[in-house]
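Colleague: when you get a sec, could you give me coordinates for this:
(one chain, ligands or ions: 2)
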Amino acid sequence: MESLRRSMLFMPGNNPGMLQNAGILGADSVILDLEDAVSINEKDAARILVRNAVKDIDFYGTEVVVRVNPLSTDFGLEDIKEIAPVKPDALMVTKATEEDVRTVSDILTRIEKEEGLEQKSIKIFPLIETAYGLEHIHTIIESSDRVIGILLGAEDLTADLGIKRTRDGEEIFYARSKVAAACKAHGIAAIDTPFSDMDDVEGFCRDVEKAKSLGLTGKAAINPRQVEPIHEIFAPSQEEITHAQRVIQAMEQAKKEGKGVFSLDGKMVDAPIIARAETTIKKAKLAGLL
Ligand SMILES: CC(C)(COP(=O)(O)OP(=O)(O)OC[C@H]1O[C@@H](n2cnc3c(N)ncnc32)[C@H](O)[C@@H]1OP(=O)(O)O)[C@@H](O)C(=O)NCCC(=O)NCCSC(=O)C[C@@](O)(CC(=O)O)C(=O)O
Ligand SMILES: [Mg+2]
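Modeller: Ligands and ions are numbered 1, 2, ... in the order given. Presented below is the predicted three-dimensional model:
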């Protein structure tokens, strides 16, 4: 069955307490970070900790993604060689380019063969956080059929663009729209950038609403407190569900009467409205609301 990926909770790979609880925090997906949340002198210890966590901890069905260091550093290749054999669901590739995704995919193919793992079982989640990555998003996605989703990284992206990162996020409107459309075109997940002010609940909810309204399918979290609001906002509202059910009922009646287009509450209903209603029902079922 298709699974939900509304929330992806980041946690530093060098924090055993957080890793220990990763499967019980309610997130759809956890990202165990070996990159920016881990300082240079902790990289080796974090890699061992994350390897053991992926191998031994019960994640209770939560998707497990490990963010590895770039291959251009001393740590990237070592991360992949140590982590892939314990079979995380996916590796997250930072500041992704086509070449990075191809290289990681080739290394995974070799490791899966050596370890007797199912081919293509380890997926790839590229992080789009450079101007190059954003403008090459289609070819990056097409670089490997392991790619299951994109995460937008707004801090690094705005730094690369040399622009200010603001609370309202006006400056990432284009990036969000581009990631949403490209991911939709390829049928993969489009995950929004994290919101760093954990205490600004109102601002956070507005940010999640904005991402949803632009077509992003989920959001990264940095704190467990952010998980529940993400799920609530990404779930269809009761009003949307009731309306979708009425559209489907009316469609079934119209079908019997041989009508392709009909009206409900004085508004025209045709194929795109029906498709939207079907999507709402599917999402409600996945979220356990129906
Ligand atoms: C910020 C803070 C230190 C605050 O800690 P605090 O302890 O003050 O928080 P509290 O709320 O008091 O915690 C209450 C209880 O929850 C536990 N707890 C907290 N957070 C938890 C968590 N994440 N996972 C599990 N458990 C957690 C905690 O251990 C405590 O447990 P307990 O003691 O048992 O009660 C903490 O959240 C944290 O480390 N977050 C993750 C940081 C991180 O991974 N960043 C990198 C990824 S972003 C990135 O890189 C994006 C990007 O790529 C994008 C771009 O480019 O744009 C880039 O480059 O920026
Ligand atoms: Mg980053």
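Colleague: from here on, just use CA atoms for contacts and neighbour counts.
Modeller: Noted.
Colleague: pull up the residues of the protein that are close to ligand 1.
Modeller: 10-12, 18, 36-37, 129, 153-156, 193, 222-224 (Cα under 6 Å from any ligand atom).
Colleague: which among the residues you listed end up buried?
Modeller: Neighbour-count burial (16 or more other Cα atoms under 10 Å) is assigned, among the residues of the chain next to ligand 1, to 10-12, 37, 129, 153-156, 193, 222-224.
Colleague: what about the helices in the chain?
Modeller: Taking DSSP state H to define them, one finds helices in the chain at 16-20, 43-56, 76-83, 98-115, 131-135, 137-142, 154-161, 173-186, 201-213, 227-234, 238-256, 271-286.
Colleague: for these, which one sits closest to D265?
Modeller: With Cα to Cα, the closest approach to D265 among the helices of the chain belongs to helix 238-256: 10.1 Å.
Colleague: per-residue confidence at the most centrally placed residue in the chain?
Modeller: The chain has I191 as the residue nearest its centroid, 3.8 Å off, counting by Cα atoms, centre = their mean. On the pLDDT scale, I191 is placed at 98.
Colleague: hey, what's it bridged with?
Modeller: L151, G218 (DSSP bridges).
Colleague: so it sits against I148, correct?
Modeller: No - using Cα atoms under 8 Å, I191 is not in contact with I148; the gap is 10.9 Å.
Colleague: ok, back up a step: would you format the helices of the chain as JSON lines with mean pLDDT included?
Modeller: Listed next are those as JSON lines, based on pLDDT from 0 to 100:
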{"stretch": "helix 16-20", "mean pLDDT": "98"}
{"stretch": "helix 43-56", "mean pLDDT": "98"}
{"stretch": "helix 76-83", "mean pLDDT": "98"}
{"stretch": "helix 98-115", "mean pLDDT": "98"}
{"stretch": "helix 131-135", "mean pLDDT": "98"}
{"stretch": "helix 137-142", "mean pLDDT": "98"}
{"stretch": "helix 154-161", "mean pLDDT": "98"}
{"stretch": "helix 173-186", "mean pLDDT": "98"}
{"stretch": "helix 201-213", "mean pLDDT": "97"}
{"stretch": "helix 227-234", "mean pLDDT": "96"}
{"stretch": "helix 238-256", "mean pLDDT": "95"}
{"stretch": "helix 271-286", "mean pLDDT": "94"}
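Colleague: good, we can wrap up now.
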